[in-house]
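A.B. asks: sharing a model that was predicted from the sequence below.
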Amino acid sequence: MPSNVSNISQNYSLRVYYEDTDAGGIVYYANYLKFFERARTEWLRELGINQANFLEQNIGFVVRKVEMDNIASAKLDDLLNVNSTITTLKRASLVFHQKITNQAQQVICTAIVRVACVNFQGHSSQRAKPMAIPESILGAFKRVC
């Protein structure tokens, strides 16, 4: 069921706070991963997908792989935009291409993030087994195509 769905995308804006920066007012590189995660989570929320409800059913999403390219530095008080595009949607995983730009449209950071759907139920040897993405989530993405 792999499909190329590069027309599904979303934008999320955020401000760089003091807590996001080092002593010189530059965003610490690992915080870009947090910004990417927030954008993906807010996108699900906009689609009416409540991750807490799925966790109650022992269903979750885990990041399987990240390729990140730090191109420039964001600074304290910058207004950033995180653009997220789903480029591949498979039975049990999806791939996001994400890009952070500043208010001057300068690309700060890009990432390719592979996310897998997993079942957290069971004994420790069975934890986090890959599973099909629930139809309610797939349907939400298909509606915005």
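C.D. replies: Good, I have the coordinates. Residues are numbered from 1 along each chain as shown.
A.B. asks: pLDDT below threshold where in this structure?
C.D. replies: 1-7, 122-127, 145 (pLDDT under 70).
A.B. asks: can you give me the end-to-end distance of stretch 68-85?
C.D. replies: Its first and final residues considered, stretch 68-85 spans 15 Å by Cα to Cα, to the nearest Å.
A.B. asks: run the chain-centre distance for that stretch.
C.D. replies: 14 Å (Cα atoms, centre = their mean, to the nearest Å).
A.B. asks: can you give me the buried ones in that stretch?
C.D. replies: Counting neighbours by 16 or more other Cβ atoms under 10 Å, one finds that the buried residues in stretch 68-85 are Ser73, Ala74, Asp78, Leu80, Asn81, Val82, Asn83, Ser84. For the C-beta atoms, the positions are set from N, CA and C on the backbone; glycine is no exception.
A.B. asks: mind checking how far the second one is from Ile137?
C.D. replies: Distance from Ala74 to Ile137, counting by Cβ to Cβ, to the nearest Å: 30 Å.
A.B. asks: kindly report the same for the third one.
C.D. replies: To Ile137, Asp78 is 32 Å away according to Cβ to Cβ.
A.B. asks: now Glu42
C.D. replies: Between Glu42 and Ile137 the computed distance is 15 Å (Cβ to Cβ).
A.B. asks: compare the two (neighbour count), which wins?
C.D. replies: When neighbours are counted by other Cβ atoms under 10 Å, Glu42 and Ile137 differ, and Ile137 comes out ahead with 21 against 16.
A.B. asks: ok so Arg45 is a helix residue?
C.D. replies: Yes - according to DSSP: H, G, I helix; E, B strand; the rest coil, Arg45 belongs to a helix.
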